[in-house]
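Visitor: Below is the structure, and that's it, no one-letter string:
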């Protein structure tokens, strides 16, 4: 058992030797993953000059990195540092860059465990299974259409668009492909809290020319998932998103990531989603069971149609499943005392039914 005091030490890993030339390429890729803000040339310089070290690592991160390095054929040493010996006389990657944590801090994990990070924190839950189903449906769409960038929006506020976008991005990353989640809500950004970052640099810095795109993309504690945060709230979000720079940014990101999920504000509140719908390949509209009115949902759908958005589908959020509904589905047993429950769920899904009917009618009109 590890000494509890040793867990509080910071660690330095020294890479002394690389066994094979192919390991050199793998090592560069690993370091680029751990330190996404470093220039590739800077990584190459450090890797090709042995020995070098990576310092200021926590206990868990240090041992995870050590394991990865050994697997790709590196000869490594690990040193625990204390207050009397907090430096080594070797080159190090950069003390200002913090490697991504292996899991979110406990206060973040507890706060978001039921929403933004459900697919990561509770992978065996019914909600996570629902997001995997959404992922499967999206992958099927990709097999028939060229879809790489997705916009997730809703008809109104607090309908779960950020929950859907973040969990869809997590589910896609769990299939082993590089995914980028963008916080495109430049008015009320919140995804940075879920992933433990400050919102002091992000998309707005790129669009205003105050930062390079590569400096605003951050790795997360979830494999294959990176985030581009919103950045400081600007006075003119819609105007920023309408710039040609936004199109250039999306094209640059498409060369680096296989899937890009863009979280945006509600359709009926601001024009931002309509502007972005012309930049992305498809749009998911989120409605909240029992809260979203038919009028609001249909208005959102018509607004997206008005700008010729490619609507991929509608996501029904916060629908409550009961065990007896599965029983009814398989065995067709209906009881009088269940009619009350059934009518309640019918009301919740009425908005969804109206939207799907409208979408089917729109499709038939174009045939």
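Guide: Now that the structure is in, tell me what you want to look at. All values derive from a computational prediction rather than experimental measurement.
Visitor: so how far is residue 285 from the closest residue to residue 118 other than its chain neighbours?
Guide: Excluding the flanking residues, the one nearest residue 118 by CB to CB, 6 or more residues apart in numbering is residue 127, at 4.9 Å. In short, each C-beta sits where N, CA and C put it, glycine included. Distance of residue 127 to residue 285, computed by CB to CB, to the nearest Å: 19 Å.
Visitor: The two: who's more crowded?
Guide: Taking other CB atoms under 10 Å, residue 127 and residue 285 do not tie; residue 285 has more neighbours (28 against 16).
Visitor: Roughly how far does that one sit from residue 227?
Guide: 23 Å.
Visitor: same question, residue 253
Guide: 12 Å.
Visitor: These two - which one has more neighbours?
Guide: residue 227 (24 against 19).
Visitor: Mind pulling the model confidence for the more buried one?
Guide: Per-residue confidence (pLDDT) for residue 227: 92.
Visitor: Can you verify it is assigned to a strand?
Guide: Yes: assigned with DSSP: H, G, I helix; E, B strand; the rest coil, residue 227 falls within a strand.
Visitor: who's in contact with it?
Guide: Applying CB atoms under 8 Å, 6 or more residues apart in numbering, we find residue 227 in contact with 180, 181, 182, 183, 191, 192, 195, 197, 217, 218, 220.
Visitor: The helix or strand hosting the third one pairs with which strands?
Guide: Residue 182 is part of strand 179-183 when elements are defined by DSSP states H and E. Strand partners for strand 179-183, identified by DSSP bridges, are recorded as strand 225-228 (parallel), strand 259-263 (parallel).
Visitor: Would you mind saying which of these lies nearest residue 311?
Guide: strand 259-263 (14.6 Å; CB to CB).
Visitor: Run through who's touching the closest one.
Guide: Applying CB under 8 Å, 6+ apart, the external contacts of strand 259-263 come out as 148-152, 161-162, 165-166, 168-169, 172, 177-185, 191, 250, 253-254, 276, 280.
Visitor: quick one: average confidence on whichever helix or strand comes after it?
Guide: Per DSSP H and E, strand 259-263 leads on to helix 272-277 as the next helix or strand towards the C-terminus. In this model, helix 272-277 has a mean pLDDT of 89.
Visitor: Overlap of the contact sets of residue 253 and residue 227?
Guide: Common neighbours of residue 253 and residue 227 (CB under 8 Å, 6+ apart) are 180, 182.
Visitor: so what's the backbone phi/psi at residue 217?
Guide: Residue 217 adopts backbone torsions of phi -100, psi 130, taken as degrees, to the nearest 10.
Visitor: Report the separation between the closest residue to residue 181 other than its chain neighbours and residue 286.
Guide: In this structure, residue 181 finds its nearest non-sequential neighbour in residue 169, 4.0 Å apart by CB to CB, 6+ apart. Noted for residue 169: a distance of 14 Å to residue 286, by CB to CB.
Visitor: Who has more neighbours out of these two?
Guide: residue 169 (31 against 26).
Visitor: hang on, the earlier thing: and the strand holding residue 182, average pLDDT?
Guide: 94.
Visitor: and for that strand, what are the contacting residues?
Guide: 165-166, 169, 172-173, 189-192, 202-203, 217, 224-230, 253, 256-263.
Visitor: Can you select the buried ones among these for me in PyMOL?
Guide: Applying 16 or more other CB atoms under 10 Å to these leaves a buried subset, and the PyMOL line that selects it is:
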select buried, resi 165+166+169+172+173+189+190+191+192+202+203+217+224+225+226+227+228+229+230+253+257+258+259+260+261+262+263
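Visitor: domain parsing for this protein?
Guide: As assigned by automatic domain parsing, the chain contains the domains 4-81, 106-365.
Visitor: Just name the most buried of these.
Guide: Among the domains of the chain, domain 106-365 has the highest mean neighbour count (mean count of other CB atoms under 10 Å), at a mean of 18.
Visitor: Go ahead and measure how far that one is from the middle of the chain.
Guide: Relative to the centre of its chain, domain 106-365 is centred 10 Å away, using CA atoms, centre = their mean, to the nearest Å.
Visitor: In a strand, residue 150, correct?
Guide: Yes: the assignment for residue 150 by three-state DSSP puts it in a strand.
Visitor: Output the below-cut-off pLDDT ranges for the stretch 51-200 of the chain.
Guide: 81-115 (pLDDT under 70).
Visitor: At which residues are the helices of it located?
Guide: 59-71, 106-112, 118-121, 126-144, 161-173, 191-194 (DSSP state H, counting those that start in this stretch).
Visitor: where do the strands sit along the stretch 201-350 of the chain?
Guide: Along the stretch 201-350 of the chain, counting by DSSP state E, counting those that start in this stretch, strands occupy 217-219, 225-228, 259-263, 282-288, 311-317.
Visitor: And the shortest one, what does it pack against?
Guide: Applying 3 or more CB pairs under 8 Å, 6 or more residues apart in numbering; DSSP states H and E, one finds that strand 217-219 contacts strand 225-228.
Visitor: Can you measure across stretch 153-160, start residue to end residue?
Guide: 9 Å (CA to CA, to the nearest Å).
Visitor: hang on, the earlier thing: with distance to residue 312 as extra columns, can I get the strands paired with strand 179-183 in TSV?
Guide: Output for these, formatted as TSV (distance: least, CB to CB, whole Å):
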stretch	distance to residue 312
strand 225-228	20
strand 259-263	12
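Visitor: so which of those comes closest to residue 138?
Guide: Closest among the strands paired with strand 179-183, using CB to CB: strand 259-263, at 8.5 Å.
Visitor: quick check: mean pLDDT across the closest one?
Guide: For strand 259-263, the per-residue pLDDT values average out at 95.
Visitor: Next: stretch 18-38.
Guide: On average, stretch 18-38 scores 74.
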